[in-house]
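> can you look at this prediction? I've put the sequence above it.
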Amino acid sequence: MFYLAYGSNMWPRRLEARLGFCRVLGQACVDGYALRFHKSGKDGSGKCDACRTGRDGDRLYGVVYEVSDDQKRALDHIEGIGYWSEQLTVRSAVGRIDAALYRASPDFIDARLRPFCWYKALVLAGATSANLPADYLFQIASVIEHQDTDEIRAREHYALLRVT
């Protein structure tokens, strides 16, 4: 099955740390959706959401991975309460494919939320490594973030960005 990651899971090391090896198909997009950092995370910060806008000019980009059924079940558990999985047809380098993506449940959306610096860094690293369009990278880079006061959690997540 295919999974469209559009948040921190775009960064392959992040997803691999969660699920083990997943084959990367490459970048993909879906029209009528926009990236938002308004999903309430368990840590109180803003996480990414594939926000359905229905507007022709809006486009959500991400990275398509091939995942096993067991990996998808594990991802359902990891994403947890506040996200639900939806199957969409996305445009990829290999053509149109059906892929699962996670959307925020309405009760977990708060536009006042901001992502932690480490979370935004993971999203931007994934988007950059996937060669997403420059204006999309700029959009992500422009999101206002804030420092995580849990230094241990921040260090653990920043460690995923180190190339070994």
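Okay, I see it. Given the structure is predicted, the values throughout are model-derived calculations rather than measurements.
> where along the chain do the helices fall?
12-19, 69-79, 117-129, 134-141, 151-159 (DSSP state H).
> could you give the number of residues near Gly123?
Rather than Gly, residue 123 is Val. 27 (other CB atoms under 10 Å). In this view, the C-beta of every residue, glycine as well, is placed from N, C-alpha and C.
> tell me the contacts of it?
7-8, 10-11, 48, 115, 140 (CB atoms under 8 Å, 6 or more residues apart in numbering).
> quick one: contacts of stretch 88-95?
Outside stretch 88-95, the residues that reach it (CB under 8 Å, 6+ apart) are 4, 25-30, 62, 64, 96-99, 101.
> recalculate using a threshold of 6 Å.
Surrounding stretch 88-95, the residues in contact under the criterion CB atoms under 6 Å, 6 or more residues apart in numbering are 4, 26, 28-30, 64, 96, 98-99.
> Gly95 versus Ser8, what's the distance?
Ser8 sits 26 Å away from Gly95, going by CB to CB, to the nearest Å.
> what does Trp118 give?
35 Å.
> relative to Cys22, how far out is Asn131?
Taken as CB to CB, the span from Asn131 to Cys22 is 18 Å.
> between these two, which one's more packed in?
In this comparison of Asn131 against Cys22, neighbours counted by other CB under 10 Å, the higher total goes to Cys22 at 21 against 10.
> quick one: mean pLDDT for stretch 157-164?
In this model, stretch 157-164 has a mean pLDDT of 86.
> chain center to it: distance?
17 Å (CA atoms, centre = their mean, to the nearest Å).
> what of stretch 84-98?
Worked out by CA atoms, centre = their mean, stretch 84-98 lies 15 Å from the chain centre.
> same deal with stretch 3-18?
Using CA atoms, centre = their mean, the offset of stretch 3-18 from its chain centre is 7 Å.
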